[in-house]
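Undergrad: next comes the sequence, and after it the predicted model I'd like to discuss.
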Amino acid sequence: MRYAAGHYALALFEALEGKSGQARADALASFMGILKRNGDEDRLDAILRHYERIELDRRGEVKVHVETPNGASEAALREIREIIPNAVISEEANPRLLAGMRILVGDSVLIDATALRKLETLFPNTHYGTITNH
Amino acid sequence: MHELLENFGVEWKLLAAQVVNFFILFLILKKFAYKPVVGMLREREARIKRGLEAASESERTLSEAKEREAAIMSEAEKKALGMVTHAETIAYEKEAMIVDGAHKKAEAVMRTAEKAIEEERAKQIDDIHKEAQSLVALATAKVLGKKEPASRDEELVREALDELRRLAQKGI
């Protein structure tokens, strides 16, 4: 790897800034060519995550990822927007959690108040397989 | 006799006079010299004798005093040794009492601590049991396709949102 994912992401962001339509597509193609030449195509996921962070930072927004067993309620999502007004919320339903909510703010702050975590704390050597609804 | 004396050159008148002189001198010396000197010598002898006797007496007294001193020291040493032994005995007894007291105190503290630990452990086990029961009920409901107890889900969601609010106030 010649460059860190963060450096690629910043370069991509600056390359796409202010561009739209064909110019944007050309810039993207060019970028992919560079990745291929450097042998860093497998780092695309990491680069895109960094890109997303840069974009949100530039817009003054915070990414908030919410996981619940059956999807978060509107009231909970409203409360999250109230606590973090500039939140960009993404949701995920994960039945394994059994109950409660898991919130990831940005890339670093994780709040895990789920029944799964409590079970893992109580019985640390137990493996919890996927629990699905019948 | 008279011829014998003349043959030896001795004149009997002179001799008689000398004998008389001798006796007169003897008497004078006896009265004025011999007696005082002898008296002085005798007095001196008596003084010396008295001095020797006094020295002997002093030596005897000193010896007696030394014996008394030795006896008193021996008695004092015995007394002191007795006191030290007595004090040591008391000290050992006191030490044993203190150590015994400390052991009993330590045992009492240990028992109290053990009891407290046991109670805390029992409480924690009880708390864990209750938590586990609630979670197992949740998991069972999920597995059986039943709706999980809503109150538990709401509690956990509330917990997550409260934590998010607390962190936001701290400036995450």
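TA: Looks like it came in fine.

Undergrad: wait, residue A:6 touches residue A:48, no?
TA: No - applying Cβ atoms under 8 Å, one finds residue A:6 not in contact with residue A:48, separated by 11.7 Å. From N, CA and C alone the C-beta is placed, and that goes for glycine too.

Undergrad: same for the one helix or strand residue B:22 maps to, what does it pack against?
TA: Assigned by DSSP states H and E, residue B:22 belongs to helix B:12-29. If you count contacts as 3 or more Cβ pairs under 8 Å, 6 or more residues apart in numbering or on different chains; DSSP states H and E, helix B:12-29 packs onto helix B:2-7.

Undergrad: hmm, who's touching the helix it packs on?
TA: Applying Cβ atoms under 8 Å, 6 or more residues apart in numbering or on different chains, the contact partners of helix B:2-7 are B:11-12, B:15.

Undergrad: and which of these is nearest to residue A:93?
TA: Using Cβ to Cβ, residue B:15 comes nearest to residue A:93 of these, at 180.0 Å.

Undergrad: just the helices in chain B please.
TA: B:2-7, B:12-29, B:35-143, B:150-170 (DSSP state H).

Undergrad: and the ones you listed: which comes nearest residue A:114?
TA: helix B:150-170 (6.3 Å).

Undergrad: only alpha carbons, please: show that closest one as PDB.
TA: Output in PDB follows, covering the C-alpha atoms of helix B:150-170 (Å, rounded to 0.1, in the frame of the first residue of the first chain):
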ATOM      1  CA  ALA B 150     -41.900  -4.900  26.200                       C
ATOM      2  CA  SER B 151     -41.000  -3.400  29.500                       C
ATOM      3  CA  ARG B 152     -37.500  -4.900  29.300                       C
ATOM      4  CA  ASP B 153     -37.000  -3.600  25.800                       C
ATOM      5  CA  GLU B 154     -38.100  -0.200  26.800                       C
ATOM      6  CA  GLU B 155     -35.800  -0.200  29.800                       C
ATOM      7  CA  LEU B 156     -32.800  -1.000  27.700                       C
ATOM      8  CA  VAL B 157     -33.700   1.600  25.000                       C
ATOM      9  CA  ARG B 158     -34.100   4.100  27.800                       C
ATOM     10  CA  GLU B 159     -30.700   3.100  29.100                       C
ATOM     11  CA  ALA B 160     -29.100   3.700  25.700                       C
ATOM     12  CA  LEU B 161     -30.700   7.100  25.200                       C
ATOM     13  CA  ASP B 162     -29.800   8.200  28.600                       C
ATOM     14  CA  GLU B 163     -26.200   7.300  28.000                       C
ATOM     15  CA  LEU B 164     -26.200   9.100  24.700                       C
ATOM     16  CA  ARG B 165     -27.600  12.200  26.300                       C
ATOM     17  CA  ARG B 166     -24.900  12.000  29.100                       C
ATOM     18  CA  LEU B 167     -22.100  11.700  26.500                       C
ATOM     19  CA  ALA B 168     -23.500  14.500  24.400                       C
ATOM     20  CA  GLN B 169     -23.500  16.800  27.400                       C
ATOM     21  CA  LYS B 170     -19.800  15.900  27.900                       C
END
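
Undergrad: and the angle from it to helix B:35-143?
TA: 120 degrees (axes from the mean of the first three to the mean of the last three Cα atoms, to 10 degrees).

Undergrad: could you pull out the buried residues of helix B:150-170?
TA: By neighbour count on 16 or more other Cβ atoms under 10 Å in any protein chain shown, the buried set for helix B:150-170 is B:152-153, B:156-157, B:159-161, B:163-164, B:167-168.

Undergrad: pull the distance from that helix to the chain's centre.
TA: 75 Å (Cα atoms, centre = their mean, to the nearest Å).

Undergrad: pull the contacting residues for the closest residue to chain B within chain A.
TA: Proximity to chain B, evaluated over chain A using Cβ to the nearest Cβ, is greatest for residue A:100 at 2.8 Å. Shown in contact with residue A:100 (Cβ under 8 Å, 6+ apart): A:68-69, A:113-117, B:153, B:155-157, B:159-160.
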